[in-house]
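Q: generate coordinates for the sequence data below:
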Amino acid sequence: MLTDLPNLLTLSRILAIPVLVALVAIRTPMGDLAATLLFAAAGITDWLDGHLARARHQHSDLGRMLDPIADKLLVGATLMLLAGQGRFPDGALYPAIVILLREILVSGLREYLAGLRVGLPVTRLAKWKTGFQMGALGTLLAGDDVGALLHVPLPVALIGEGMLWVAAVLTLITGWDYLRAGIRHVQVRSNNHRAPGREVPESGP
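A: Predicted structure coming up:
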């Protein structure tokens, strides 16, 4: 049901996107701080909705559909927002491209395999990737201005860039794992549907 708490939490991540965009567009340290806190809250709901769905036995097809959509919309919007606002430190754009392309790849694989009634389970390494990715994006949203506002004597943007590179490396590894799994399922399906051949003797002259 749409009104189940896990599904409402998932929907909240989608609804947070326009607010996040507006806060970053203000281009003030307080706006960036609010955007960072909103992004962090959205990231927490990503864990919480799955946890509640398991605890309350509220798994549903709607939730399974909305959850990856909400995640990819939030990550994609944040990546484009940071790039469009020129908020990436030097070199951070390249791991961002890797992450975005991987999301498209996995979405395509999941869509195809869903038609075969085959799922791609989330691996432990993929969960680590998500953790670094969300941490990196939240840190980059904060940037050095928020660090100065909070009197944090750390290169916040540089830390975010480093975390984004780690996320990009994990993205490549998990993306390759998912691609291999998808190809393996396609090959198995192709072999199962291949009609048994029968040799036909050549006709004589």
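Q: tell me the contacts of residue 50?
A: Neighbour list for residue 50: 6, 67 [criterion: C-beta atoms under 8 Å, 6 or more residues apart in numbering]. No exception for glycine: its C-beta is placed from N, CA and C like everyone else's.
Q: any idea which element it lies in?
A: Assessed by DSSP states H and E, residue 50 sits inside helix 29-56.
Q: how distant is that helix from the center of its chain?
A: 14 Å (C-alpha atoms, centre = their mean, to the nearest Å).
Q: contacts only, for residue 165.
A: Per C-beta under 8 Å, 6+ apart, neighbours of residue 165: 92, 95.
Q: that one: which element?
A: helix 156-192.
Q: just to revisit the earlier point, so what's the model's average confidence on the helix holding residue 50?
A: Mean per-residue pLDDT for helix 29-56: 88.
Q: quick check: which ranges of this protein have low pLDDT?
A: Confidence mapping of the chain against pLDDT under 70 gives the ranges 1-3, 58, 114-121, 193-205.
Q: what does the following helix or strand past the helix holding residue 50 contact?
A: Following helix 29-56 in sequence order, the next helix or strand is helix 61-84 (DSSP H and E). If you take C-beta under 8 Å, 6+ apart as the criterion, helix 61-84 is touched by 1-2, 4, 6-7, 10-11, 13-14, 16-17, 20-21, 24, 39, 42, 46, 49-50, 53, 87-88, 93, 96, 99-100, 103, 107, 110, 130, 133-134, 137, 140-141.
Q: likewise for stretch 124-139?
A: Stretch 124-139 is contacted by residues 36, 39-40, 43, 46, 71, 75, 78-79, 82, 99, 156-157, 159-161, 163-164, 166-167, 170-171, 173-174, 177 when judged by C-beta under 8 Å, 6+ apart.
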